[in-house]
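Trainee: Below is the sequence, then the predicted model.
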Amino acid sequence: MQDAAPRLKSLVEQLLGAPLPLRVRAWDGSEAGPPAAPALVVRNRRALRRLLWKPGELGLARAWVSGDLGVEGDLYTALDLISGLVWERPEDARGLGAALRDPEVRAAARGLVRMAGLPLPPAPPPEEVRRRRHLHTRRTDRSAISHHYDVGNDFYEIVLGSSMVYSCAYWEEGGTLEEAQRDKLELVARKLALKPGQRLLDVGCGWGSMAVHAARDHGVRVVGVTLSQEQAAYARKRVAEEGLTDRVEIRVQDYRDVTDGPYDAISSIGMAEHVGAERYLEYAEVLGGLLVPGGRLLNHQIARRPQRDESSYAVDPFIDAYVFPDGELAPVGTTVTQLERAGFEVRDVEALREHYALTLRHWVANLEAGWSRAVRLTGVGRARVWRLYMAASAVAFERNQIGVNQVLAVKTRGGAGPSGTPLRARTWN
């Protein structure tokens, strides 16, 4: 009897206390749910065992990465429907524990266990990082950065395109990804008021795009630091090809080990998410100590929505295990507070949330267009991680679950006196 899909759909709806907006297609060929909706494809019983042993997001992630679970139809629509179900649940909606106290739900769960077959837990996909406490030491940060960035520069060229900028672009209507990334780099340079002969420290310099742009187009001398060996090798090659080796130095170095200040300006673009809440004040103080009085910091950072009880914040299990080990997000207000506690004066905050959603959709399109090559380079599991991570992140930005902000801060002269910034906001001179 082909009834796996209706039984699965019924159980999920009992657990959620709401209708499931997706179709379900099971390994036995059965289907259930809205005919026009994208289908959640449960390819085998192993997917159920993964969910039984790790209920929630981590079990779903393992099933997706391993290929036991998939989506047929538009992935964005599927994620948007699921996200609405999860993020917009009423506060009094019952959780898993409460649901399992319901005799009907317990009976359905026992049926799910029988459907799943052998009780042994499947091994996690090899792409999963073995978890540890978030220490944010130099060693653990280096390991986390290597997991995310040292997967091959060729793979990142597929996803990011020729700009090789791995952060939110700055869009105008009808522009290309490369144009939007160039405009973002120029926006950062203008906010920092870069001038020929100045020194710029680019923290988390990636593949060297900001360093090259600042040296080539604004005549500054740049030190770029990264913890990724592969990024550094790529960036040095770009610097040499641009004929900028006399103006740009790329180091494999922790920002905490930079001692050759002062610098006139610091750019930190998409790096502070790796710092961690416990280390953030230290991060701000270290960067402040490297700036000349009146020097500017441009901190470009993803932010999450604040919670009523901040002590309940937990790192997203999928992102932590498969994408950014040890990465942490903070509300933008917390970031501003920490920068000012470290002695900065925050002069401007610009929200770019919609810009990141557009950027991610372009990256997903790049990955899908180069899928076969991406799989050859990194394996199908890693490629599936990236497709889900970027598509889900795009939906999260669109639904205002996360945002991204450029915070311009100035190291004031003893906490007093002029900031050196223009009287009129957004006239970056």
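Mentor: Now that the structure is in, tell me what you want to look at.

Trainee: just for the stretch 1-150 of the chain, where's the confidence low?
Mentor: The stretch 1-150 of the chain contains residues with pLDDT under 70 at 1, 86-100, 108, 131-150.

Trainee: Please apply the same query to the stretch 151-300 of the chain.
Mentor: Scanning the stretch 151-300 of the chain for pLDDT under 70 picks out nothing.

Trainee: just the strands in it please.
Mentor: 199-203, 221-226, 248-252, 263-269, 291-304 (DSSP state E, counting those that start in this stretch).

Trainee: Make a markdown table from those strands and add mean neighbour count to it.
Mentor: Where you see a C-beta, it was placed from the backbone N, CA and C, and this is true even at glycine. Shown next, in a markdown table, are the strands of the stretch 151-300 of the chain (neighbours: other CB atoms under 10 Å):
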| stretch | mean neighbour count |
| --- | --- |
| strand 199-203 | 26 |
| strand 221-226 | 24 |
| strand 248-252 | 19 |
| strand 263-269 | 24 |
| strand 291-304 | 21 |
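
Trainee: I'd like those strands laid out as CSV, including distance to residue 63.
Mentor: Output for the strands of the stretch 151-300 of the chain, formatted as CSV (distance: least, CB to CB, whole Å):
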stretch, distance to residue 63
strand 199-203, 37
strand 221-226, 33
strand 248-252, 36
strand 263-269, 34
strand 291-304, 25
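
Trainee: of those, which approaches residue 26 most closely?
Mentor: strand 291-304 (34.9 Å; CB to CB).

Trainee: if we can go back for a sec, which among the strands of the stretch 151-300 of the chain is found nearest to residue 340?
Mentor: Of the strands of the stretch 151-300 of the chain, nearest to residue 340 by CB to CB is strand 291-304, at 11.7 Å.

Trainee: what does the average pLDDT come to for stretch 348-358?
Mentor: For stretch 348-358, mean pLDDT is 97.

Trainee: Using CSV, list the CA coordinates for that stretch.
Mentor: C-alpha atoms of stretch 348-358 as CSV (Å, rounded to 0.1, in the frame of the first residue of the first chain):
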residue,chain,number,x,y,z
ASP,A,348,26.5,56.5,10.1
VAL,A,349,24.6,53.3,9.8
GLU,A,350,23.3,52.3,6.3
ALA,A,351,21.0,49.2,6.0
LEU,A,352,21.5,47.1,2.8
ARG,A,353,19.2,44.2,3.5
GLU,A,354,17.5,44.1,0.1
HIS,A,355,20.9,44.4,-1.6
TYR,A,356,22.1,41.2,0.0
ALA,A,357,18.9,39.3,-1.0
LEU,A,358,19.6,40.3,-4.6
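
Trainee: if we can go back for a sec, of the strands of the stretch 151-300 of the chain, which is nearest residue 367?
Mentor: strand 291-304 (19.5 Å).

Trainee: tell me what that closest one is packed against?
Mentor: helix 177-191, strand 263-269, helix 332-341, strand 402-411 (3 or more CB pairs under 8 Å, 6 or more residues apart in numbering; DSSP states H and E).
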